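> got a sequence here, can you model it:
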Amino acid sequence: MAKVLVPLADGFEEIEAVSIIDILRRGGVEVTTASLNQSESVHGSNGITVLANTLIKYVSSNEFDMMVLPGGIPGAENLRDNDKVQELIKEFKKDKLVGAICAAPIALYGAGVLKGEDYTCYPGYEKVIKDANFKEGAKVVESENILTSRGPGTAMCFALEIVKKLVGVETYEQLKAGLLADFC
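Numbering: from 1, shown residues only. Model (predicted):
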């Protein structure tokens with residue numbers, strides 16, 4: 001069974017985080033959420049509080065196949081500014097998968113892993129990210145072992161693409177049909 005880490009920082013975008021977690025779990029992926037705080041309690045950008053499974057300080061990249069970063073402000077900035085998250089991004093980029101949605105590609109950029117890669121992000125954040133190839137209008141972009149997406153409206157499509165990558169086309173198609181996600 002594939003295992004995915006989803007770090008949660010205060011100010012995360014709830015639609016993105018919950019969609020990713022839910023759809024991956026529906027696809028049979030084991031998802032672990034990790035709080036950047038000193039407790040498991042993490043506050044979203046729209047006032048929703050969630051309890052993470054663990055704290056980021058206890059996480060090892062060896063336990064997972066992929067790390068997926070939800071966006072949101074200041075969540076994405078908190079991911080970018082967290083030393084442990086930056087270390088994990090670099091480790092995952094070596095031989096695993098990394099995903100980021102909305103503003104979270106700034107955390108990938110901060111770790112130096114987007115250089116020369118194709119990507120997409122929430123409109124306006126492409127101005128912050130240099131030395132990478134922004135793909136305007138794309139819902140999901142895959143470049144080497146990095147997957148990126150635009151924002152809350154593309155979260156379901158992003159999560160489905162991750163399921164396709166980790167579990168396979170058959171599960172992807174079943175989930176897509178069951179979720180009525182013909183727009184992906």
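
> helix or strand: which one has the residue lying closest to Val128 once chain neighbours are set aside?
Using Cβ to Cβ, 6 or more residues apart in numbering and skipping the chain neighbours, the partner closest in space to Val128 is Ile106 (5.6 Å). Where you see a C-beta, it was placed from the backbone N, CA and C, and this is true even at glycine. In this structure, Ile106 is located in helix 105-110 according to DSSP states H and E.

> other SSEs contacting that helix?
Here helix 105-110 touches helix 75-80, helix 83-95, strand 97-101, strand 146-149, going by 3 or more Cβ pairs under 8 Å, 6 or more residues apart in numbering; DSSP states H and E.

> how about residues contacting it?
69, 76-77, 79-81, 85-86, 89, 98, 100, 114, 119-121, 125, 128-130, 132, 146, 148 (Cβ atoms under 8 Å, 6 or more residues apart in numbering).

> again, but for stretch 78-87
7, 9-11, 36, 56-57, 59, 69, 104, 106-107, 109-111.

> distance between it and the chain's centre?
Chain-centre distance of stretch 78-87: 14 Å, with Cα atoms, centre = their mean, to the nearest Å.

> mind checking the end-to-end distance for it?
This stretch, stretch 78-87, spans 14 Å end to end (Cα to Cα, to the nearest Å).

> mind listing what's buried along that stretch?
Asn78, Leu79, Arg80, Asn82, Val85, Gln86 (16 or more other Cβ atoms under 10 Å).
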